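Asker: Could you look at this predicted model? Sequence included:
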Amino acid sequence: MKDFYILNKSDNPTPKYETQGSAGFDIRANDNYFIEPGETILIGTGLHFIVPENHEAQIRIRSSIALEGLCITNSPGTIDCDYRGEVKVIMHNLSKCTIVVEGGMRIAQVVLNKLPHPNLRNIRDISEGGYRLLTTDRGAGGFGSTGKN
């Protein structure tokens, strides 16, 4: 794998893996934020990544932050390999109290994921080129179609 580069424009330490077995590395809030109950805000990190080609950096909530009532609304968030802007985290307060996120607080973790990038093929007609949508037991059943338990 190629290297993963981090440009750190914050006053926080550059991220690192906390243990040899860590799947991801933690990222920190760059400023102080007050998140009201039910509010969603964008938290800056001051970090810019160069993600290796054919990879994505997934932004996930830290379990200790989730326990306080915060969630990442688009979890896992994706940082594409061609994005060079500041990494920001969309956080939502699920609790009934205002949550204070202080600058320097570890708010999320980044996990690198390799992408297979298969060839995408358009089928205009299900009989075209011998391709067809095979039937399954589930069919077009969507949300809740496999049951609740």
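Answerer: Cool, got the structure.
Asker: Strands of this protein, start to end?
Answerer: For the chain, the strands defined by DSSP state E cover 5-8, 25-28, 33-35, 40-44, 47-50, 55-61, 70-72, 77-80, 88-93, 99-101, 106-114.
Asker: Redo those strands as TSV? Include mean pLDDT and distance to residue 135.
Answerer: C-betas here are computed from N, CA, C, even on glycine. Putting the strands of the chain into TSV (pLDDT from 0 to 100; distance: least, Cβ to Cβ, whole Å) gives the following:
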stretch	mean pLDDT	distance to residue 135
strand 5-8	97	47
strand 25-28	98	44
strand 33-35	97	47
strand 40-44	97	40
strand 47-50	97	43
strand 55-61	96	32
strand 70-72	95	37
strand 77-80	94	32
strand 88-93	97	38
strand 99-101	97	48
strand 106-114	96	31
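Asker: Output those strands in JSON lines; the columns should cover distance to residue 141.
Answerer: Output for the strands of the chain, formatted as JSON lines (distance: least, Cβ to Cβ, whole Å):
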{"stretch": "strand 5-8", "distance to residue 141": "43"}
{"stretch": "strand 25-28", "distance to residue 141": "38"}
{"stretch": "strand 33-35", "distance to residue 141": "37"}
{"stretch": "strand 40-44", "distance to residue 141": "31"}
{"stretch": "strand 47-50", "distance to residue 141": "38"}
{"stretch": "strand 55-61", "distance to residue 141": "28"}
{"stretch": "strand 70-72", "distance to residue 141": "27"}
{"stretch": "strand 77-80", "distance to residue 141": "27"}
{"stretch": "strand 88-93", "distance to residue 141": "29"}
{"stretch": "strand 99-101", "distance to residue 141": "38"}
{"stretch": "strand 106-114", "distance to residue 141": "28"}
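Asker: mind giving me TSV with those strands and columns for distance to residue 139 and mean neighbour count?
Answerer: Output for these, formatted as TSV (distance: least, Cβ to Cβ, whole Å; neighbours: other Cβ atoms under 10 Å):
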stretch	distance to residue 139	mean neighbour count
strand 5-8	45	14
strand 25-28	41	21
strand 33-35	41	17
strand 40-44	35	15
strand 47-50	40	19
strand 55-61	31	20
strand 70-72	32	19
strand 77-80	29	16
strand 88-93	34	20
strand 99-101	43	17
strand 106-114	30	18
